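K.L.:
3D model of this:
(one chain, ligands or ions: 1)
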Amino acid sequence: MKLGPRLAEISHLVPRGYVAADIGTDHAYLPAYLVSNNISPRVIATDKALHPLEKARKTLELLNLFPKVELRLGDGLSALREEDGVEVIILAGMGGKTICRILHKGKALASRARSLIIQPMNDVALVRRWLVAHGFCLPEESLVRENGKFYEILAAKPGKQVVEDPFLLEVGPALVRQSHPLLPSYLETKINVCRQIQEKISSQAQGKNSEKYWYLERKRLKFKEVLESVAQGSRCY
Ligand SMILES: C[S@@+](CC[C@H](N)C(=O)[O-])C[C@H]1O[C@@H](n2cnc3c(N)ncnc32)[C@H](O)[C@@H]1O
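P.N.:
Numbers count the residues shown, from 1 in each chain. Predicted coordinates:
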């Protein structure tokens, strides 16, 4: 089976040889790919709703992947048990706040994992801040573009992360450290988004007097600073 660019990039960050859990699996494409390609010996695929699990069951039956993939109904990490021996936890395609809530509720289990592979649909900085504040580090990240949209993928693990500049949690410290090839265009998109919102605010009654305008201005300048340092191959970021 062939995955789209987002799920394919997530699969590249999954460490080989460990039992994995895919939380919020929906169609179960990722677990199916992981076991079919011998990346994971076994995957527990969970979802909080029955309809997605029905789709997952169809995928797995079609590909004859039971019992290598096991389906479970449940909210977040509560669907997992200690004796499952899960070492890799994947949380992809959900909002950043949902991911933080799942991690917060299941922190004991998450803290014992070898690796957390996280791809939030939004609020990625919030997720990075949650991870760093709760004893996780971010040794690796990736970026992928699908249908014109960027997706950030975080590979976190228990450990201490030293964050010299908290703004880097908006960008991804590992993306900067790794000089990810998509980073310049990713930063340009972020700068443009800030600019577009600022233009909208400027045309409204409060205009440049609004706090949001200047918050975005500071953010835009910081993104620009990171972009310039990345372009120069500077080591200050
Ligand atoms: C957009 S799909 C993402 C599917 C797949 N992970 C991917 O990245 O393509 C999001 C899925 O997460 C499930 N979900 C949302 N909140 C959840 C939670 N707290 N626990 C388990 N599953 C959840 C939804 O039911 C839905 O099937």
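
K.L.:
apart from its chain neighbours, what residue comes closest to G135?
P.N.:
P158 (6.0 Å; C-beta to C-beta, 6 or more residues apart in numbering). Heads up, the C-betas are built off the backbone N, CA and C, glycines and all.

K.L.:
could you dump stretch 210-228 to PDB, C-alpha only?
P.N.:
Extracted C-alpha coordinates of stretch 210-228, given in PDB (Å, rounded to 0.1, in the frame of the first residue of the first chain):
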ATOM      1  CA  SER A 210      -5.000  46.700  18.700                       C
ATOM      2  CA  GLU A 211      -2.800  44.500  20.900                       C
ATOM      3  CA  LYS A 212      -3.100  41.600  18.400                       C
ATOM      4  CA  TYR A 213      -1.500  43.700  15.600                       C
ATOM      5  CA  TRP A 214       1.700  44.300  17.600                       C
ATOM      6  CA  TYR A 215       1.700  40.700  18.900                       C
ATOM      7  CA  LEU A 216       1.700  39.600  15.300                       C
ATOM      8  CA  GLU A 217       4.400  42.200  14.400                       C
ATOM      9  CA  ARG A 218       6.700  40.800  17.100                       C
ATOM     10  CA  LYS A 219       6.000  37.300  15.900                       C
ATOM     11  CA  ARG A 220       6.600  38.200  12.200                       C
ATOM     12  CA  LEU A 221       9.900  39.800  13.000                       C
ATOM     13  CA  LYS A 222      11.100  36.800  15.000                       C
ATOM     14  CA  PHE A 223      10.200  34.500  12.200                       C
ATOM     15  CA  LYS A 224      12.100  36.800   9.900                       C
ATOM     16  CA  GLU A 225      15.100  36.700  12.200                       C
ATOM     17  CA  VAL A 226      15.100  32.900  12.300                       C
ATOM     18  CA  LEU A 227      14.700  32.800   8.500                       C
ATOM     19  CA  GLU A 228      17.700  35.100   8.000                       C
END
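
K.L.:
ok so, going back, and the residue nearest to G135, what does it touch?
P.N.:
When contacts are counted by C-beta atoms under 8 Å, 6 or more residues apart in numbering, P158 touches S111, R112, A113, G135, F136, C137.

K.L.:
any idea how far the last one is from the ligand?
P.N.:
I take that to be C137. Using C-beta to the nearest ligand atom, to the nearest Å, C137 is found at 23 Å from the ligand.
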